[in-house]
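1. Kindly generate the corresponding structure for this input.
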Amino acid sequence: MRPRRRTKRTPPSHLFQPNFPSDAVGMSFVQAHYHPFLFTMMILSGVAELGLTAFLVNAGNTHGTWPSPRYHSMLLFILFNATWTVVFAFAYMLWLLDGAKHLLANIASSIFWLSLTATLWGVSAVVFHNTRTGGNCPTSPAISRCRQSLTVEGLAWTEFAISTVALLCTCVWAGTNSGRRGVWDSRRMV
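-> Modelled structure (predicted):
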């Protein structure tokens, strides 16, 4: 029996590098890295929205201090949107960095998911803007329910903007690369 052949060890600097095939398809650095950047921004702002909205829902449930039933419903809707965004953006990030090539990691599902996410955030931001009371909170203390609600609305608009930009970039990228063979999987997107 022959002894096992020793293989080269992977240098530590190459252990955590994602599978970015940008050199193979001739894309620029910006084109090759916008998607992970935008999805990371969606995750981070989604986590901030999730934390603040969960705090407001918990405080409102504990003290029973809701300005209106619609306000409570909108906070729950925004809480759902934040959870939706964090879970799916994190999943897409894992699929993109892994280079997965299956149905949920392709361009069409990414466009569908981003369209749905942008729509959910746009609707929630508009309706919450009309539901929230207090205006710009000029006389409120620095930490108050009014300013926290204003922050929830601002983060909802931010999520809407980020998901819309990601959707537009994905559509433009898919349109400019539609003539190339094999660009419809996630390994070619990042």
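
2. Tell me which other helices or strands the longest helix along the chain touches.
-> Using DSSP state H to define each element, the chain has its longest helix at helix 29-63. Other helices and strands packing on helix 29-63, by 3 or more C-beta pairs under 8 Å, 6 or more residues apart in numbering; DSSP states H and E, are helix 22-25, helix 69-98, helix 145-176. To be clear about C-beta, it is placed using only N, CA and C from the backbone, and glycine gets the same treatment.

3. And Leu79, how far from Thr40?
-> Applying C-beta to C-beta, to the nearest Å, the value for Leu79 to Thr40 is 21 Å.

4. So between these two, which is more surrounded?
-> Leu79 (19 against 14; other C-beta atoms under 10 Å).

5. okay but the more buried one is in contact with Val57, surely?
-> Yes: counting by C-beta atoms under 8 Å, Leu79 touches Val57, with 6.0 Å between them.

6. Under the pLDDT cut-off, which ranges of this structure? List them.
-> Within the chain, the segments meeting pLDDT under 70 span 1-33, 99-105, 134, 177-190.

7. Contact partners for the one residue sitting closest to the centre of it?
-> When C-alpha atoms, centre = their mean is applied to the chain, the residue found nearest the centroid is Met42 (2.9 Å). Neighbouring residues of Met42 by C-beta atoms under 8 Å, 6 or more residues apart in numbering: 85, 89, 117, 159, 162-163, 166.

8. switch to 6 Å and redo it
-> 85, 89, 162 (C-beta atoms under 6 Å, 6 or more residues apart in numbering).

9. rewinding a little: need the helices and strands packed on helix 29-63 in a markdown table (columns: distance to Gly122).
-> Shown next, in a markdown table, are those (distance: least, C-beta to C-beta, whole Å):
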| stretch | distance to Gly122 |
| --- | --- |
| helix 22-25 | 31 |
| helix 69-98 | 10 |
| helix 145-176 | 5 |
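
10. of the ones you listed, which approaches Gly46 most closely?
-> Of all the helices and strands packed on helix 29-63, it is helix 69-98 that lies closest to Gly46, at 4.0 Å by C-beta to C-beta.

11. Next, the angle from the stretch of helix or strand Phe112 belongs to to helix 29-63.
-> Element membership of Phe112 [criterion: DSSP states H and E] is helix 107-131. Angle, helix 107-131 to helix 29-63, by axes from the mean of the first three to the mean of the last three C-alpha atoms, to 10 degrees: 40 degrees.

12. gap between helix 107-131 and the chain center?
-> Between the centre of helix 107-131 and the centre of its host chain there is 11 Å, according to C-alpha atoms, centre = their mean, to the nearest Å.
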